[in-house]
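Undergrad: sequence plus the predicted model coming up.
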Amino acid sequence: MRTARNILLSLVVLFITIGCKDEVKSVVQQSTDPKTTPTMLTTDITTLVSDSGVTKYRITSERWEMYDECDTPNWVFPKGIYLEQFDTALQVEATFECDKAIYLKNSKLWHFIGNVRSSNTRKEIILTNELYWDQNLKKVYSDSFIHIEQPERILEGFGFESNERLTTYKLKRPMGIFPVDEESRKSRAAQRDSLNTLQADSALTLQ
């Protein structure tokens, strides 16, 4: 009787041990792809970003994905972003807003995508579908169609280069300059939706 009981107990311990080993094995085998799996994910955030101890800008976004382990470390904001850029006195000198944004950490390059809206301290509004901000070169640029709303006129064209404060900029292939009124604004908005080509002889530089 005692021998049979010992055998039964040994079998129970063996089955439990085998079950535990299988469970641990399945966990160890799990792996993640650093290119598709963020090392950190944050939702509904508003945060200040500093560089060399100096506060550079503020980010507001519904979703922030960090990919620090991939070949090209980057941040992705798949649901859009609102970014305020500060001067040394922490005053807002430029803003960027878009449907999606990507930041390449090593090259310090921002890529704003979809319904990009930027503004400067002169209350000028810059609209486009794609915009880059190179922090190393301190330059903002785009090859897409650009619509610029100034207090007294509207500028349109293709290709854009600016300082990072958006106060001195150039339209590479300008379409024209238009007066600001409600009718002309509506007309230009309708044309902007269908524009995809432009031919021009000279660039237009403003500051």
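TA: Sure thing, it's come through.
Undergrad: shaky segments in this protein?
TA: Residue ranges of the chain with pLDDT under 70: 1-31, 181-207.
Undergrad: residue closest to the middle of it?
TA: Among the residues of the chain, Ala101 comes closest to the average C-alpha position under CA atoms, centre = their mean, at 1.6 Å.
Undergrad: that one and Ile113 touch, don't they?
TA: Yes: the pair formed by Ala101 and Ile113 meets the contact definition of CB atoms under 8 Å, at 6.8 Å. (C-beta placed from N, C-alpha, C; glycine too.)
Undergrad: give me the distance from stretch 123-137 to the chain's centre.
TA: 12 Å (CA atoms, centre = their mean, to the nearest Å).
Undergrad: neighbours around Glu93, how many?
TA: By the criterion of other CB atoms under 10 Å, Glu93 has 18 neighbours.
Undergrad: show me the contacts for it.
TA: Glu93 sits next to Gln85, Phe86, Asp87, Asn120, Thr121, Arg165 when contact means CB atoms under 8 Å, 6 or more residues apart in numbering.
Undergrad: run the last query once more with 7 Å
TA: Shown in contact with Glu93 (CB atoms under 7 Å, 6 or more residues apart in numbering): Gln85, Phe86, Asp87, Thr121, Arg165.
Undergrad: isn't there a strand covering it?
TA: Yes: Glu93 sits within a strand when classified using DSSP: H, G, I helix; E, B strand; the rest coil.
Undergrad: one step back: tell me the two of the contacts of Glu93 that are most distant?
TA: Phe86 and Thr121 (11.6 Å; CB to CB).
Undergrad: those two - which one has more neighbours?
TA: Shown here are Phe86 and Thr121; by other CB under 10 Å, Phe86 has more neighbours (17 against 14).
Undergrad: which helix or which strand is home to the residue lying closest to Phe158 once chain neighbours are set aside?
TA: Leaving aside its chain neighbours, Phe158 sits nearest to Arg173 (4.4 Å; criterion: CB to CB, 6 or more residues apart in numbering). Assigning secondary structure by DSSP states H and E places Arg173 in strand 169-179.
Undergrad: dump that strand to CSV, keeping only the CA atoms.
TA: Below are the C-alpha coordinates for strand 169-179, written out as CSV (Å, rounded to 0.1, in the frame of the first residue of the first chain):
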residue,chain,number,x,y,z
TYR,A,169,11.4,82.1,-46.0
LYS,A,170,11.5,81.5,-49.7
LEU,A,171,9.0,80.0,-52.2
LYS,A,172,11.0,78.1,-54.8
ARG,A,173,8.3,78.1,-57.5
PRO,A,174,5.7,80.8,-56.6
MET,A,175,2.3,80.8,-58.1
GLY,A,176,1.3,84.3,-57.1
ILE,A,177,0.3,86.9,-54.5
PHE,A,178,-3.4,87.4,-53.7
PRO,A,179,-5.3,90.0,-51.6
